[in-house]
Every structure is written in C-alpha cells, then in structure tokens.
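Chemist: just coords:
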C-alpha cells in the first residue's frame with residue numbers, strides 16, 4: 001500500500017492505534033532508505049498525541065551533511081510561506097560522560113501538533129527529497 005492509499009484509508013479513524021502504527025512503519029521504512037541514516041530508527045506516540053522519531057546518522061558518510069540540510073529544510077522551514085509543525089534537531093547525552101558524536105549523537109524529528117501524523121510528514125518527504133531517495137547520485141549537489 002502506497003502512502004497516498006494509506007492517507008485515503010485513514011479517513012476519520014484518528015484514534016485507530018493500528019493505523020497509527022502503520023503510519024510510523026511506513027515513515028520508518030522510507031527513512032531507512034535515506035543515505036547515512038542508521039538503523040534502528042525508534043519512535044514514540046505519546047498519550048497526548050504528540051510523537052517523535054529518533055535515529056543516528058553515519059557522520060563519516062560523504063552525504064551526511066546533504067541529508068542534514070535537506071531534512072532541516074523540509075522539517076524545520078519548508079518555505080517562507082509554509083512551515084510544518086515539526087522540528088528536526090540533534091540530541092546527545094553529556095559528551096564528557098559518554099563519548100564521541102559517532103557513538104552518542106542522535107537526531108530527532110518531533111511534532112507537538114496532534115493533527116500532524118507521521119504519514120503526512122512522509123508525504124512531504126517523498127515530494128521533496130531526492131527521488132529515488134536511496135540513489136546516491138540524486139543527492140549530489142552541483
């Protein structure tokens with residue numbers, strides 16, 4: 001089932017836990033194809049309807065900064081007139097207690113808007129990230 005079929009199927013069943021989990025599953029399957037993203041990708045749907053996904057990036061991957069730039073653009077500031085209700089940012093435990101960014105730096109995409117579901121973010125990513133998303137040549141900026 002494609003994302004657009006999924007969105008149609010969703011209809012008015014906002015509280016359907018199975019559809020919520022499917023939304024995360026399809027978003028994570030897509031994110032796993034993005035160059036430099038490392039598995040596993042975790043997610044959480046809070047009781048209040050807010051959610052987040054969390055992942056690590058291979059900081060030695062040659063396209064990692066391209067990925068950060070693209071995700072930052074889409075998730076944080078898609079255009080002057082259009083903003084998604086999401087935020088993309090790094091998180092880390094205290095480096096002096098743990099270790100290097102290679103091992104402990106993670107990245108989070110989160111929303112504090114209960115109407116903004118993971119599959120809606122997926123739709124924006126599919127429309128705006130290089131296509132196919134796992135084609136390294138498509139990520140090259142000239």
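Modeler: Arrived safely. Predicted model only: the values in this text are computed from it and were never measured.
Chemist: Tell me how far residue 67 lies from residue 110.
Modeler: Distance from residue 67 to residue 110, counting by CB to CB, to the nearest Å: 18 Å. For the C-beta atoms, the positions are set from N, CA and C on the backbone; glycine is no exception.
Chemist: typo on my end, residue 102
Modeler: 23 Å.
Chemist: between those two, who's got more neighbours?
Modeler: Taking other CB atoms under 10 Å, residue 102 and residue 110 do not tie; residue 110 has more neighbours (18 against 11).
Chemist: Can you give me the neighbour number for residue 48?
Modeler: For residue 48, the neighbour count with other CB under 10 Å is 8.
Chemist: One more: residue 115?
Modeler: Residue 115 has 9 neighbouring residues, counting by other CB under 10 Å.
Chemist: Over to residue 43?
Modeler: Counted with other CB under 10 Å, residue 43 comes out at 20.
Chemist: now it, what's its secondary structure?
Modeler: Secondary structure assignment for residue 43 (DSSP: H, G, I helix; E, B strand; the rest coil): strand.
Chemist: Residue 127 now?
Modeler: What three-state DSSP gives for residue 127 is helix.
Chemist: okay, the residue positioned nearest the centre of the chain: pLDDT?
Modeler: In the chain, the residue lying closest to the centroid (CA atoms, centre = their mean) is residue 109, at 5.5 Å. Predicted confidence (pLDDT) for residue 109: 98.
Chemist: what does the one 10 residues further on give?
Modeler: At residue 119, the predicted lDDT confidence score is 93.
Chemist: what bits of this protein have low per-residue confidence?
Modeler: Within the chain, the stretches with pLDDT under 70 are 1-19, 142.
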